[in-house]
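K.L.:
Give me a model of this one.
(chains A and B)
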Amino acid sequence: MIPSSILSVCYLIGSVTFIVGLKMLSHPETARRGNWLAAAGMVISILGTLFLYRHDGEHLHNYGWIAGGLVIGSVVGTMAARQVKMTAMPQMVSLFNGMGGLCAMLIAVIEFNRLLPEDASVTFAQVLESRQLSLYVLAILAGLVIGGVSFAGSVIAFGKLDGKISDRNFAGQQVVNMAVITAIAALSVYLICGDPRQPALIFYTVTFLSLFYGVLFVIPIGGADMPVVISLLNSFTGVATAFGGFLYDNQVMLTGGILVGSAGTILTIMMCKAMNRSIRNVLLGSFSATASGGPVSGGEQGNYKEIGLNDLAILMAYARKVMIVPGYGLAVAQAQHVCHEMEKLLRDKGVEVKYAIHPVAGRMPGHMNVLLAEANVSYDELLDLEPANDALATADVVLILGANDVVNTAAKNDPSSPIYGMPILEVGKAKAVVVNKRSMRPGYAGIDNALFSEPNTSMLFGDAKSVLQNLAGAIKEL
Amino acid sequence: MEAILSFIHTNLQMFYIVILSIFLGIEVISRVPAVLHTPLMSGANAIHGVIIIGAIIVMGEADSGNYTALFLGFIAVIVGTLNVVGGFVVTDRMLEMFKSSKKK
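P.N.:
Take a look at the predicted model:
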């Protein structure tokens, strides 16, 4: 049997598992198996490449290096993925995505270096012409630029979600961004058509500008929009992978890359819709851009009343229906287990308890569902936005645990607010609202919340975990 | 113009793959519940780690004396593997949490 024909079959299997795996990932029951199916396809494709790949009849070389890289990557990747806390999951995904982008970029650099003429008397244009390589260089450049943007952008997104980098924007940023893109395009055209004397210099300038653009692209975008950005960068890396597939005439890279590119784009749009924001707004960083117009303050806001632990325990234990609105504060405090404990105590007292889950509560869509599922909260107790809003109208007590922007009434009432138009959980419809926060500081989007000064709202300050522990204790003693 | 046409003609198969894959990607994940947005994104993230194949090829074809290529290729293999392995493991960890939902 000819190795290359077996390899083609391996790639075919790989492509099919990616498609089926992605399909299975979009249903709760099959998602986990879908993930492993895609992983199996990946292993088959990688092993096939290692042992069956032939170029002009030649085997691959440098097996030691390759094996070393694979082992190091696998060990570090597994450890990082296993040890990361659930709360830090989004930035981990962003970082892994950036690694893919970096990989695409490095491949482009190596492939380009192979094209450079060794003989000084031969110009770069002659090399391209003699071997009909112009489109090949175009694919290299595309992989380089997209991979570079994705890498730099993902690292910045990682830094932001990890709280290491803050939002920054300056006047005329859009102009600078456009100038950088134009420069990248112009230099690329010059490299292919202009017969430059220093092709390598131009190539590395493009590399640098791509990385620079990745930073510029992400740095002004508000932290609350980061999931959308990661999803977008994810589809970028997909496209960079597809260009790699074109480079090597490799079908599994091509299909896998394009599949992720298009699925990632749709996913990005769906995430935007869940937050009722347009991609354009997200990318222009309008959270920060309109911030100066909206009622924004970095300090504390006044006019609120507090409630004591015991009062709240009594309020909830004798209510008919309690709704819990979890947010990032719950995730940070790792309070999901205590929360479930308290929920069970209330249930034992005959109280109906439901969770109201906003689609973008936490740092990523589905973040809260994952956290609560970890604490064994039953799937049936979690209500999506619309059923939650119906249920909130009949609730006696709403307990908000470290959520802020998703219950901010400004999204409904204040057209000048940066989050105006985002669907919110209408907690104000309930008889009593209790907000647990660490302090009066505004939420992630940096906007004040009028809800806190409503007459039926009371505040309960403190770390979600210790508050819930004490609350559970107080309920037990009733 | 002629160059573009002949390019399309010689790579016709690739154009079909690209166009069909685009539609497939859109079709495959339409109507996904918001709960699964994050795991789906993470899974897709692992899938584009297939770029690792490119890294393996570029590494395997490098001259054993060309240390720049070897070094860059080595880094490319490492980060590509990170993308694949980390991506799939993280996705699995997220989905592991949904186990209890099956009981319903």
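K.L.:
Okay, buried residues for stretch A:76-86 please.
P.N.:
Within stretch A:76-86, the residues that qualify as buried are A:76-78, A:80-81, A:84, A:86, counting by 16 or more other C-beta atoms under 10 Å in any protein chain shown. Just so you know, the C-beta spots here come from the backbone N, C-alpha and C atoms, and that holds for glycine as well.
K.L.:
Show residues contacting that stretch.
P.N.:
A:92, A:96, A:331, A:334, A:370-371, A:374, B:78, B:81-87, B:89-90, B:93, B:97 (C-beta atoms under 8 Å, 6 or more residues apart in numbering or on different chains).
K.L.:
before we move on, the earlier item: tell me the one among the buried residues of stretch A:76-86 nearest to B:Y16.
P.N.:
A:G77 (33.9 Å; C-beta to C-beta).
K.L.:
C-terminal to the least confident helix or strand in chain A by mean pLDDT, what's the next element?
P.N.:
Lowest mean confidence among the helices and strands of chain A (mean pLDDT, DSSP states H and E): helix A:286-289, at a mean of 45. Going down the chain from helix A:286-289, the next helix or strand is helix A:309-317, by DSSP states H and E.
K.L.:
counting contacts, what elements does that next one pack onto?
P.N.:
Using 3 or more C-beta pairs under 8 Å, 6 or more residues apart in numbering or on different chains; DSSP states H and E, the elements in contact with helix A:309-317 are strand A:397-401, strand A:432-437, strand A:457-461, helix A:464-477.
K.L.:
Let me have the ones you listed in CSV, extended by distance to chain B and mean pLDDT.
P.N.:
Formatted as CSV, these follow (distance: least, C-beta to the nearest C-beta, whole Å; pLDDT from 0 to 100):
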stretch, distance to chain B, mean pLDDT
strand A:397-401, 18, 90
strand A:432-437, 23, 88
strand A:457-461, 27, 86
helix A:464-477, 19, 87
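K.L.:
which of these is buried the deepest?
P.N.:
strand A:397-401 (a mean of 27; mean count of other C-beta atoms under 10 Å in any protein chain shown).
K.L.:
Please compute how far that strand lies from its chain's middle.
P.N.:
With C-alpha atoms, centre = their mean, to the nearest Å as the basis, strand A:397-401 stands 27 Å off its chain's centre.
K.L.:
which parts of the next helix or strand after that strand are buried?
P.N.:
Downstream of strand A:397-401, the next assigned helix or strand under DSSP H and E is helix A:410-413. By neighbour count on 16+ other C-beta under 10 Å, the buried set for helix A:410-413 is A:410-412.
K.L.:
same thing with stretch A:12-30?
P.N.:
Those would be A:12-15, A:17-26, A:28, A:30, for stretch A:12-30 by 16+ other C-beta under 10 Å.
K.L.:
contacting residues around that stretch?
P.N.:
For stretch A:12-30, using C-beta under 8 Å, 6+ apart, the contacting residues are A:31, A:33-35, A:37-42, A:44-45, A:48, A:251-252, A:255-256, A:259, A:263, B:24-25, B:28-29, B:31-33, B:35-36, B:39-40, B:43-44, B:47, B:50, B:91, B:98, B:101-102.
K.L.:
now that stretch: how far from the chain's centre is it?
P.N.:
With C-alpha atoms, centre = their mean as the basis, stretch A:12-30 stands 20 Å off its chain's centre.
K.L.:
now A:T241, nearest residue through space, not along the chain?
P.N.:
Once flanking residues are discounted, A:T241 sits nearest to A:G257: 3.3 Å by C-beta to C-beta, 6 or more residues apart in numbering or on different chains.
K.L.:
From B:I52, how far off is the one you found?
P.N.:
To B:I52, A:G257 is 12 Å away according to C-beta to C-beta, to the nearest Å.
K.L.:
re earlier: phi first, then psi, for the residue nearest to A:T241.
P.N.:
Dihedral pair for A:G257: phi -60, psi -50, per degrees, to the nearest 10.
K.L.:
was I right about it contacting A:N234?
P.N.:
No. Assessed by C-beta atoms under 8 Å, A:G257 is found out of contact with A:N234, at 11.4 Å.
K.L.:
shared neighbours of these two, anything?
P.N.:
Jointly contacting A:G257 and A:N234 under the rule C-beta under 8 Å, 6+ apart are B:H48.
K.L.:
Would you mind confirming that A:I314 makes contact with A:L478?
P.N.:
Yes. The criterion here is C-beta under 8 Å, and A:I314 meets it with A:L478 at 6.7 Å.
K.L.:
Counting neighbours, show which residues of the helix or strand where A:V127 lies come out buried.
P.N.:
Assigned by DSSP H and E, A:V127 belongs to helix A:124-130. Buried residues in helix A:124-130, counting neighbours by 16+ other C-beta under 10 Å, are found at A:124-125, A:127-128.
K.L.:
Same question for stretch A:236-250.
P.N.:
Of the residues in stretch A:236-250, those buried (16+ other C-beta under 10 Å) are A:236-248, A:250.
K.L.:
Show me the contact partners of the lengthiest helix in chain B.
P.N.:
In chain B, taking DSSP state H as the definition, the longest helix is helix B:12-29. Here helix B:12-29 makes contact (C-beta under 8 Å, 6+ apart) with A:19, A:22-23, A:25-26, A:242, A:246, A:251, A:254-255, A:258-267, B:8, B:40.
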